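S.K.: mind looking at a prediction? Sequence and model below.
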Amino acid sequence: MRITVEPNASDGDVSMVMNGLRDYNIGIIGDPREEKVRIFLRDEDHHIVGGLLGHIRWRWLYVSKLWIDEKYRGGGHGIRLLTAAEDQARGAGCIGSYLDTFEYQARPFYEKCGYKVFGTLDGYPPGYCQFFLSKPLEPIE
């Protein structure tokens, strides 16, 4: 047996590891019922000026990216994007949502939207810290 460092590993080799871990997890906690979350803010010319990317797994929404062009910030669009993602998650039976943000980004915005910090990673990136936040999602009545 030997260890190899392969920054340019083949897709097949990467898939072997990903599928192995996925199969192991499914054997213990069941199918994640993964669903992509892709929500966009478009201007009058249909150009993307903001968006939210994430996924749903094991009844949790993960917000991976939320961005709005500086020209459109402050107009309530972030709340609308986040609400749309949470509504999609509720529709899929999710019980919570989580995300991460750097200290110079949007922590106050997420807290205003009901998210609470459950962890921090100091020194990531160096000189800053990363916050991890979550929020329970109430079921659709």
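M.R.: Thanks, I have it. In this text, all values refer to a predicted model and were calculated from it rather than measured experimentally.
S.K.: tell me where the chain has strands.
M.R.: Assigned by DSSP state E, the strands in the chain fall at 35-42, 48-57, 60-68, 96-102, 116-122, 129-136.
S.K.: parallel or antiparallel, list what pairs with the last one.
M.R.: In this case it means strand 129-136. Strand 129-136 sits in its sheet next to strand 96-102 (antiparallel), strand 116-122 (antiparallel), going by DSSP bridges.
S.K.: just say which of those is most tucked in.
M.R.: strand 96-102 (a mean of 18; mean count of other CB atoms under 10 Å). The way it works is simple: take the backbone N, C-alpha and C, and place the C-beta from them, glycine included.
S.K.: any chance of TSV for the strands of the chain, columns distance to residue 29 and mean pLDDT?
M.R.: Shown next, in TSV, are the strands of the chain (distance: least, CB to CB, whole Å; pLDDT from 0 to 100):
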stretch	distance to residue 29	mean pLDDT
strand 35-42	17	98
strand 48-57	10	98
strand 60-68	12	98
strand 96-102	15	98
strand 116-122	20	98
strand 129-136	18	98
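S.K.: burial count for residue 54?
M.R.: For residue 54, the neighbour count with other CB atoms under 10 Å is 22.
S.K.: then the one 5 residues further on?
M.R.: Neighbouring residues of residue 59 were enumerated by other CB under 10 Å; the total is 14.
S.K.: wait, doesn't it sit right on residue 90?
M.R.: No. Between residue 59 and residue 90 there is no contact under CB atoms under 8 Å: 10.4 Å.
S.K.: if anything else comes up later, I'll come back, but that's it for now.
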